[in-house]
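Chemist: fold the following and give me the result.
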Amino acid sequence: MRPSWLPAFLLAVAPAAAAAQVEVVGPSFVALSVPDLPASERWYGSLFGLTRVFEGAAPDSSTQVVLLAGRGVRVELVWHRTARSLAALTGAPTAPDQVYGPAKIGFYVRDLDRVLAQLRAQRATIEGTWLTRPPHVAATDTLWTRNILVRDPAGTYVQFFEAR
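Modeler: This next block holds a predicted model:
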């Protein structure tokens, strides 16, 4: 159900023109609950060259929403006053892929090597890189593609796949 303070539609915005951001191939949308709205907005905004196209808050400020958009990508960031991390809920550090629900988000990009360099320059937490086909993946496998797995400032896994 849509909160009454959130508009039913958002206007399209002009794409951001910046050569240093990740270039996503095809339309993408994700919505994430985050513990630090400004930090997440900086991370996604800088990485993809997105600009804020909407911000809103519940009348009692218990929930804040920022929508970032540009170049075929929309990232909705939601902060809830009472939201807690998986670790707080389970009482122990818990990886996102060890609970039901979204385990990660992904984007297809044009130049994976460039994305990796950008992530390293930003000192992103890189969890793994699969830049060469593993020996156990047959050369006839048409689904495998080079990819990188990182974590955003809130700990969400973000995977970048090289577009073919």
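
Chemist: okay, now the unreliable bits of this structure?
Modeler: 1-19, 26-27, 96-103 (pLDDT under 70).

Chemist: same thing but at 50, please
Modeler: For the chain, the stretches flagged by pLDDT under 50 are 1-19.

Chemist: which helix is the longest one in it?
Modeler: helix 37-48 (DSSP state H).

Chemist: for that helix, which positions count as buried?
Modeler: Leu37, Ser40, Glu41, Trp43, Tyr44, Gly45, Leu47, Phe48 (16 or more other CB atoms under 10 Å). Placement of C-beta: from N, CA and C, glycine included.

Chemist: pull the distance from the very next helix or strand once past that helix to the chain's centre.
Modeler: Going down the chain from helix 37-48, the next helix or strand is strand 51-57, by DSSP states H and E. Centroid separation between strand 51-57 and its chain, computed with CA atoms, centre = their mean, to the nearest Å, is 16 Å.

Chemist: for the chain, what spans make up the helices?
Modeler: Going by DSSP H, the chain shows helices at 37-48, 86-90, 112-121.

Chemist: need these in CSV (columns: distance to Thr142).
Modeler: Listed next are those as CSV, based on distance: least, CB to CB, whole Å:
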stretch, distance to Thr142
helix 37-48, 28
helix 86-90, 34
helix 112-121, 18
